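Undergrad: need a structure here:
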Amino acid sequence: MTKGPIALRAADVPPRARATSYPADLAAKMAGREKRVLGDLFGLANFGVNLTRLAPGAASSLHHARAKQDEFVYILEGRPTLVVGTEARLLSPGDCAGFAAGGAPHHLVNRSDRDVVYLEVGDRTPGDSATYPEDDLVATADPAGGWRYTRKDGTPL
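TA: Down below sits the predicted model:
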């Protein structure tokens, strides 16, 4: 078990150095997203926790669905639009949403003129994969916890 801090101020954690692991042709879609990886600092192995900020116009991720991992978001500041499948719903501080493994594709989009800040929590079930219905992309978790990307036809990136 990794020894880490007992407590810390989440906003003081530096943003993740690499903005996204998406391939270069899709990474630009993540402009304006800033993640502070919190769970790793405490040595958490079963789930991850991030404090995420979306500038106006930014998205939380590409529209995606996970095969094995559950995800949860809790809105702290701002009014993001939650897109699930083709349905969109405006969220406010105090709102939360959960996405069970195998469910509909989803993501948040900041369509407002102010920053959005939220907590995201996800489990780390081995062997996960993600599909991206709006993009030519498939992701498969590698044994080290990273993602391996291919095109939908299986072509490696």
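Undergrad: where do the helices sit along the chain?
TA: Secondary structure of the chain, counting by DSSP state H: helices at 24-27.
Undergrad: mind showing which ranges of it have poor pLDDT?
TA: Scanning the chain for pLDDT under 70 picks out the ranges 1-2.
Undergrad: one more time with 80, if that's ok
TA: 1-4, 145 (pLDDT under 80).
Undergrad: which stretches of it form strands?
TA: Using DSSP state E, the strands found in the chain span residues 33-37, 47-54, 65-66, 71-77, 81-84, 87-90, 96-99, 106-109, 116-123, 129-132, 137-141, 147-150.
Undergrad: Can you give me the first-to-last residue distance of stretch 134-149?
TA: 15 Å (C-alpha to C-alpha, to the nearest Å).
Undergrad: for stretch 50-66, that is, sorry about that
TA: End-to-end distance (C-alpha to C-alpha), stretch 50-66: 17 Å.
Undergrad: Quick check: buried residues in it?
TA: 50-54, 58-66 (16 or more other C-beta atoms under 10 Å). C-beta coordinates here come from the backbone N, C-alpha and C atoms, glycine included.
Undergrad: And the nearest residue to residue 32 once chain neighbours are set aside, how close does it get to residue 42?
TA: Leaving aside its chain neighbours, residue 32 sits nearest to residue 58 (3.0 Å; criterion: C-beta to C-beta, 6 or more residues apart in numbering). Separation of residue 58 from residue 42 (C-beta to C-beta, to the nearest Å): 27 Å.
Undergrad: now do residue 125
TA: From residue 125 to residue 42 the distance is 19 Å (C-beta to C-beta).
Undergrad: Could you do residue 62 as well?
TA: Distance of residue 62 to residue 42, given as C-beta to C-beta: 28 Å.
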